[in-house]
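A.B. asks: Model the structure of this input:
(one chain, ligands or ions: 2)
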Amino acid sequence: MKRTKQREIIMNVIERMKREKLHYKVEDVYLLLKKEGCSVNLSTIYRNFNELVEKGVLLKFLLSDGTAIYDANVFRHAHFRCLRCGKIEDLMLEEIGFDFQEDTFREKGIKLSNISVVFEGICSDCLEENKLN
Ligand SMILES: [Zn+2]
Ligand SMILES: [Zn+2]
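C.D. replies: Ligands and ions are numbered 1, 2, ... in the order given. Predicted coordinates for the structure are as follows:
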């Protein structure tokens, strides 16, 4: 498959991630594309995704087990991850009372590009399911 075609397929996935607020591992993208009949190999997805992180089109953050997650929502936000079902949800910083002084970074001569905060626990669905069993 041509490089430009692969690029187009990957950009379509990113559009979908943005629209549906999806958070994907590279392996998730690989399996999704395979299921849809347009196989792009893992290393190509890795390369493209990491280039897009550098360009600021995608965010990348790590889970406590070291898994890299990619996010098309590049607006500064935090995440909640359920340790049971693996679901990842967006949390707006104001919503959780997360505040920080951007001036402090500026004074240190640091230019912030991204913050990566992942709260982990058990989601309400999993807690509910536990009660029933
Ligand atoms: Zn859950
Ligand atoms: Zn997110």
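A.B. asks: Show me what from this structure comes close to ligand 2.
C.D. replies: Within the chain, the positions lying close to ligand 2 (C-beta under 5 Å from the ion) are 71, 73, 90. C-betas here are computed from N, CA, C, even on glycine.
A.B. asks: what does this protein put close to ligand 1?
C.D. replies: Residues of the chain lying near ligand 1 by C-beta under 5 Å from the ion: 82, 84-85, 123, 126.
A.B. asks: which one of those sits closest to Ile115?
C.D. replies: Using C-beta to C-beta, Cys82 comes nearest to Ile115 of those, at 20.8 Å.
A.B. asks: Grab the nearest non-local neighbour of Tyr46.
C.D. replies: Excluding its sequence neighbours, the residue lying closest to Tyr46 (C-beta to C-beta, 6 or more residues apart in numbering) is Val26, at 5.4 Å.
A.B. asks: If I look at the one you found, what pLDDT would I see?
C.D. replies: Val26 carries a pLDDT score of 97 in this model.
A.B. asks: Let me know whether it touches Ala68 as I believe.
C.D. replies: Yes. Counting by C-beta atoms under 8 Å, Ala68 is a contact partner of Val26 at 7.2 Å.
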